[in-house]
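>>> Predicted model, plus sequence, below.
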Amino acid sequence: MDISKSEKLKQHFSTRVTHQARHLLDLWRCLHDDQWQHERILDLLQANEKLLRFAQRFDSPKYIQIATQFQSTLAGIENNNHPSSEQLKTLNDLMLQLSQGVLRRNDQGNQAEKMIVVKKPIYMALNDSDNAIQLAQQMEYFGLRAELFSNQDDLNHAIGKRHPLAIIIDIDFQEIDNGLTIIAQHQGVKEAGSMKTAVNPMIPVLFYSSHCMTLKQKLQCLRLGGISSFESLAPQAIITQLESLVNLVPEQPFRILIVDDSKSQALFAEKALNAAGMITEKVTDPMEVWNVLESFQPEMILMDMYMPGCNGVELAKVIRQDKHYINIPIIYLSGEEDKERQLAAMAEGGEDFLTKPVDPRHLLSTIRTRGARARELSQLIARDSLTGLYNHTHILKALDEQLKVAQRNNTSLCFVMVDIDHFKQVNDNHGHPIGDDVIKNLALFLSQRLRKTDFIGRYGGEEFAIVLPNVSLEDAESIMNEIRNNFSHLLHGGLAAISSTFSCGIALHRGQSSNELIELADQAMYLAKRDGRNCVKVCPAKD
Ligand SMILES: Nc1nc2c(ncn2[C@@H]2O[C@H](COP(=O)(O)OP(=O)(O)OP(=O)(O)O)[C@@H](O)[C@H]2O)c(=O)[nH]1
């Protein structure tokens, strides 16, 4: 076989591996909204077997190893139908590794492992073709591929042939309300105005209207699978919405600490939570809570009210005195039926009160709702309000944590500083709102182009800091150069349409402390500014 033929075959299998990995990740993601049932496990096993087959033909050791381990862990679950916390942890780690591989780039430096990311296109049907072309161009810089349609027949044909990642459609495409009618046909919803739900999974749709939509129209859009409706074609908002659709990183399972002196009750709660994919740790001696809090780092505590030695309310009070656990939701689970006592217990720091015997569905829905809120809250605390990236404190925390991981596993790590060029002039010449727009676009751009497992933070005003785990200096430089180049083509500020550039300094971790590493990246960035800006410098410098 000649080289080009074998290369072609390799590419063919690499695409299949990527597709199959994405499919497996999708199945895994759906599982988190549901219970672990036998059929679901069989689906996962089947998808994983296929992935293993493709990976073997593509000769990819990394994917073979992930799929083999996934298979043996799943096979262990098959018999008793729901996973233990240990099995959940293993599976989750494997899915995380898989998602890193099929994201935008693979940084192993090994050609055989480099995957081609095939993403479904986005179908775009807008009356304003100039704006559609401009939006499509901007989307391309974010790695999103759009296919444009100027008539309904072509659009219908394309949807019939292949479902896109999403559709962006004018509600008045070609004629009034025609966009809504087209989508209703494809989503299997006949009466757009009724409460009927579609039979098949819906294609995500972003509805656009050049005029102010009525509430009735907005409701129609929602019922037709609309994830958003827009009255402006500003790329940033649209790309942010699309971004959530391509995010493949599996959500981390909830970590719940169960405190109950009754072994059988603790076991009952553990089984119910594990069966819903949550990781648990149980403590039957309340005096042990402190040690487990530290080692397990739970996101929520499910606590019995009456235990020997101390009761749940006292324990909740002590836990809350520690600033690390001040916001941790505590849910009491008890046979206490006296409402007054229940309320008194909640006033002492409990989030909710469930009376035994509790219906497992009630238990799960309480934990999911409280857990999701608690996660949102901690995200808000860790995030910068303008960009949604980690704030200064948390990016440094992420750097410290990742340095420990790199040291423990003997893996590489790069720290990156990014600073927008001549930003003062942007503000002075175009005003602060346009300056803010540039900052937001760069944040979105970095989030889009880097792996979801990288850590991106807003370090200061127009300065960003990035932690790239498992990346060599050469790869980090080439990624940041590609991002720098693409960013310089982006347009910001709507009608003002200005472009902007950034300078970048990268330092490779070689056993330094976090402060030393920051200092090195800063020095490299200084060199980038000194050498004319709009460039990337690395430290240690290349010979
Ligand atoms: N619009 C906006 N401006 C900000 C924000 N934070 C900081 N700035 C501005 O960013 C500018 C930074 O300017 P300088 O540090 O002088 O650097 P520069 O003009 O980017 O020049 P070089 O870094 O040397 O290329 C200052 O004018 C700050 O007021 C923000 O959140 N929004």
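Nice, I can see it.
>>> Report all helices and strands that the strand or helix carrying N427 contacts.
Using DSSP states H and E, N427 maps to helix 423-430. Under the contact criterion of 3 or more C-beta pairs under 8 Å, 6 or more residues apart in numbering; DSSP states H and E, helix 423-430 touches helix 432-449. (Glycine included, C-beta is placed from N, CA and C.)
>>> what about the helix or strand just after the helix it packs on, average pLDDT?
For helix 432-449, the following helix or strand on the C-terminal side (DSSP H and E) is strand 455-458. Mean pLDDT, strand 455-458: 94.
>>> Give me the sheet partners of the following helix or strand past strand 455-458 and which way each runs.
Per DSSP H and E, strand 455-458 leads on to strand 463-469 as the next helix or strand towards the C-terminus. With DSSP bridges as the test, strand 463-469 is paired with strand 413-420 (antiparallel), strand 455-458 (antiparallel).
>>> OK, contacts around whatever residue of the stretch 151-300 of the chain ends up closest to the ligand?
When scored by C-beta to the nearest ligand atom, the stretch 151-300 of the chain has Q236 as its residue closest to the ligand, at 15.1 Å. For Q236, the contacting residues are 437, 440-441, 444, by C-beta atoms under 8 Å, 6 or more residues apart in numbering.
>>> for L257, same thing?
280-283, 289, 292-293, 296, 298, 300-302.
>>> still on that earlier bit, which one of the strands paired with strand 463-469 lies closest to I168?
For I168, the closest of those is strand 455-458, at 26.2 Å, according to C-beta to C-beta.
>>> For the biggest helix by length in the chain, what is the distance to the chain centroid?
Longest helix of the chain, by residue count under DSSP state H: helix 3-31. Offset of helix 3-31 from its chain centre (C-alpha atoms, centre = their mean, to the nearest Å): 21 Å.
>>> Would you mark the buried spots in that helix?
10, 13-18, 20-22, 24-25, 27-29, 31 (16 or more other C-beta atoms under 10 Å).
>>> picking that back up, I'd like the average pLDDT over the helix holding N427.
Throughout helix 423-430, pLDDT has a mean value of 94.
>>> same check, this time on stretch 131-141
Stretch 131-141 shows a mean pLDDT of 82.
>>> So which bits of the stretch 251-400 of the chain are right by the ligand?
L386 (C-beta under 6 Å from any ligand atom).
>>> mind checking the backbone torsions on the closest residue to the ligand within the stretch 251-400 of the chain?
Going by C-beta to the nearest ligand atom, the ligand is nearest to L386 of the stretch 251-400 of the chain, at 6.0 Å. Main-chain dihedrals, L386, degrees, to the nearest 10: phi -70, psi -40.
>>> burial count for it?
Counted by other C-beta atoms under 10 Å, the residues lying close to L386 total 12.
>>> residues in contact with it?
L386 makes contact with 436, 439-440, 443, 458, according to C-beta under 8 Å, 6+ apart.
>>> For the ligand, state which of the residues you listed is nearest.
D436 (4.7 Å).
>>> Excluding chain neighbours, give the residue nearest to the closest one in space.
L386 (6.4 Å; C-beta to C-beta, 6 or more residues apart in numbering).
>>> Against H492, how distant is that neighbour?
14 Å (C-beta to C-beta, to the nearest Å).
>>> Kindly report the same for P360.
Distance, P360 to H492, using C-beta to C-beta: 51 Å.
>>> Equivalent analysis for A125, please.
Distance from A125 to H492, by C-beta to C-beta: 26 Å.
>>> Settle it for me: which of those two has more neighbours?
Between A125 and H492, counted using other C-beta under 10 Å, A125 has the larger neighbour count: 26 against 23.
>>> Any idea what the more buried one is bridged to?
Counting by DSSP bridges, the residues bridging with A125 are I169.
>>> Check whether it really touches D153, as I assumed.
No - the criterion here is C-beta atoms under 8 Å, and A125 misses it with D153 at 11.2 Å.
>>> Of the contacts of L386, which is the nearest to V405?
When these are compared for distance to V405 (C-beta to C-beta), R458 wins out at 22.6 Å.
>>> wait, what's in contact with the closest residue to the closest one other than its chain neighbours?
Nearest residue to R458, sequence neighbours excluded (C-beta to C-beta, 6+ apart): D384, at 4.2 Å. Each residue near D384 by C-beta under 8 Å, 6+ apart is listed here: 390-392, 457-458.
>>> And the pLDDT for the closest residue to the ligand within the stretch 301-450 of the chain?
Minimum separation of the stretch 301-450 of the chain from the ligand (C-beta to the nearest ligand atom) falls at G435, amounting to 2.7 Å. pLDDT, G435: 93.
>>> Over to the one 5 residues further on?
The model reports K440 with a pLDDT of 89.
>>> check which helix or strand covers the spatially closest residue to it that is not a sequence neighbour.
Leaving aside its sequence neighbours, K440 sits nearest to T387 (C-beta to C-beta, 6+ apart; 5.9 Å). For T387, there is no helix or strand it lies in under DSSP H and E.
>>> Now for T387, how many residues are close by?
Residues within reach of T387, counting by other C-beta under 10 Å, total 21.
>>> can you pull the contacts of it?
T387 sits in contact with 439-440, 443-444, 458, where contact means C-beta under 8 Å, 6+ apart.
>>> same question, Q512
Q512 neighbours (C-beta under 8 Å, 6+ apart): L520.
>>> Near the ligand, which residues of the chain are found?
Residues of the chain that fall close to the ligand, judged by C-beta under 6 Å from any ligand atom: 386, 419-424, 427, 432, 435-436, 439, 461-462, 529, 533.
>>> Which members of those residues are classed as buried?
Among these, those scoring as buried are 419-421, 423, 427, 435-436, 439, 462 (criterion: 16+ other C-beta under 10 Å).
>>> and R145, backbone torsions?
Residue torsions, per degrees, to the nearest 10, at R145 are phi -100, psi 120.
>>> what domains does the record give for the chain?
3-103, 122-246, 255-380, 392-539 (automatic domain parsing).
>>> Does the residue of the stretch 301-450 of the chain closest to the ligand touch V426 like I think?
Yes - taking C-beta under 8 Å as the definition, G435 is a contact partner of V426 at 5.0 Å.
>>> who's in contact with A237?
A237 neighbours (C-beta under 8 Å, 6+ apart): 228, 230.
>>> brain fart, V538
473, 476-477, 505-508, 524.
>>> Helix or strand: which one has it?
Assessed by DSSP H and E, V538 sits inside strand 536-539.
>>> Any stretches of the stretch 51-200 of the chain with poor pLDDT?
78-81, 100-119, 189-200 (pLDDT under 70).
>>> Pull the distance from stretch 172-179 to the chain's centre.
Worked out by C-alpha atoms, centre = their mean, stretch 172-179 lies 34 Å from the chain centre.
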